[in-house]
Structures are given as structure tokens and as C-alpha cells.
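> Below: sequence and its predicted model.
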Amino acid sequence: EDGDNFTPPQFSDFTVVGGPNQSVSQSWVNGKKSFSKTYSYFLAPKKRGNLTIGQAEITIEGTVYKTSPVQVEVTAAVDQPTDGENSEYIASESIHLVAEISNTNPYLNEAITVVYKLYVSPRINVSDWRQIDNPKFSDFWSQNIDIRRLEVENGTYNGEPYR
């Protein structure tokens with residue numbers, strides 16, 4: 001069921017850098033209703049050590065539900081691995097998604113275009129070039145221009161050859 005009177009946890013050891021964001025999901029499977037509402041926050045710790053995210057609570061049909069406090073250990077920043085076999089490192093060095101905007105300073109209601117380009121290094125092989133999701137543009141009217149067939153072109157990114 002949907003709840004009321006959501007009270008977020010105390011983030012005394014953190015700075016809230018984003019949120020709250022809400023997402024709602026409702027589905028029917030074999031005649032059974034399922035509903036969820038998610039509240040998301042992006043947090044930055046104020047210090048190192050064992051920090052606590054306090055209880056959140058919400059009221060559903062007169063009953064108050066509370067989360068358990070969550071302990072988080074904040075350590076010093078960890079260097080990104082530079083192991084040549086690490087797939088995350090290889091992707092971060094070899095694949096770049098760039099948004100090209102036609103006008104970065106438009107007037108109110110002026111149309112602009114955003115073209116997304118995925119640069120892939122010739123040193124790696126990527127297959128299955130399909131789009132999984134569309135970005136959300138709050139406070140903008142947006143229209144996706146469908147492209148029948150994605151074309152691979154040769155180009156450069158930061159002075160290096162890319163596809």
C-alpha cells in the first residue's frame with residue numbers, strides 16, 4: 001500500500017547532496033497487486049569512521065513502520081585499480097559517452113538538440129549496440145528521434161582514434 005507521513009532518517013554524519021528522489025512501481029501478476037515506493041538520497045560523509053544512518057519511518061493504514069539504523073564504514077578514498085585485466089578499468093579508459101548540445105544557453109522555449117555519441121576504443125570489442133533506457137529531462141519537453149539503424153563511424157576522442 002502507499003504510505004503517508006514519510007519521515008527520512010537523520011543524516012547527521014552526512015551531507016545530503018541529492019534527493020530525495022522518489023520512484024513508484026505498481027504491477028499485477030496472476031491477479032496479485034504489487035506496489036513499491038522508493039526514496040533515494042545521495043550522501044557525502046562528513047568524516048571517516050563508523051557512521052550511522054538513522055531510522056526512517058512511514059505510516060501505512062494507521063500503522064507506523066520503521067527501518068533499522070544502518071552502520072556504514074567510511075574509509076579513505078581507494079585508488080581506482082589500474083590492473084590491465086580489470087574490466088571496470090578497461091571500460092573507463094576505453095568507452096566514453098558524450099552528449100553534444102546544439103545550444104548551451106537557449107532562451108525560454110527555444111528548441112535544442114542533444115546528440116549522444118558512444119566512443120569505443122579500437123583496442124576493445126563491443127557488440128550489441130542497443131539503447132536500454134532514455135534519460136529523463138525534468139522541466140523540459142523532450143522528444144526522442146528514433147534512428148532506424150545505428151551506424152559505426154571512425155572518429156577521434158581526446159586526440160585518439162575511436163569508433
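Sure thing, it's come through.
> now the host helix or strand of residue 98: mean pLDDT?
Using DSSP states H and E, residue 98 sits in strand 95-101. What strand 95-101 shows for mean pLDDT is 89.
> Give me the helices and strands touching it, please.
Packing contacts for strand 95-101, counted by 3 or more CB pairs under 8 Å, 6 or more residues apart in numbering; DSSP states H and E, involve strand 114-120. C-betas here are computed from N, CA, C, even on glycine.
> and the angle from the strand it packs on to strand 95-101?
Interaxial angle of strand 114-120 relative to strand 95-101 (axes from the mean of the first three to the mean of the last three CA atoms, to 10 degrees): 160 degrees.
> Which SSE is immediately downstream of strand 114-120?
For strand 114-120, the succeeding helix or strand toward the C-terminus, using DSSP H and E, is strand 155-157.
> List the strands paired with that next one, with their directions.
Looking at strand 155-157 with DSSP bridges, its partner strands are strand 160-162 (antiparallel).
> Look up phi and psi at the residue nearest to the spatial centre of the chain.
Most central in the chain under CA atoms, centre = their mean is residue 135, positioned 9.6 Å from the mean C-alpha point. The phi/psi pair for residue 135 (degrees, to the nearest 10) reads phi -70, psi 160.
> Residue 34 and residue 1 touch, don't they?
No. In this structure, residue 34 is not within contact of residue 1 by CB atoms under 8 Å, at 11.0 Å.
> can you pull the buried residues of the strand ranked longest in the chain?
Looking across the chain with DSSP state E, the single longest strand is strand 14-29. Using 16 or more other CB atoms under 10 Å as the test for burial, strand 14-29 gives residue 14.
> ok, now stretch 46-64?
Quick answer for stretch 46-64 (16+ other CB under 10 Å): 51, 53-54, 56, 58.
> and which of the residues you listed is nearest to residue 70?
residue 53 (4.4 Å; CB to CB).
> isn't the closest one right up against residue 8?
No. Applying CB under 8 Å, one finds residue 53 not in contact with residue 8, separated by 9.7 Å.
> Quickly note the distance from the residue nearest to the centre of the chain to residue 144.
Distance, residue 135 to residue 144, by CB to CB, to the nearest Å: 10 Å.
> for residue 151, same thing?
17 Å.
> list the contacts for the closest residue to residue 19 other than its chain neighbours?
For residue 19, ignoring the flanking residues on the chain, the nearest one in space by CB to CB, 6 or more residues apart in numbering is residue 41 at 3.7 Å. Going by CB atoms under 8 Å, 6 or more residues apart in numbering, residue 41 touches 8, 11, 16, 18-21.
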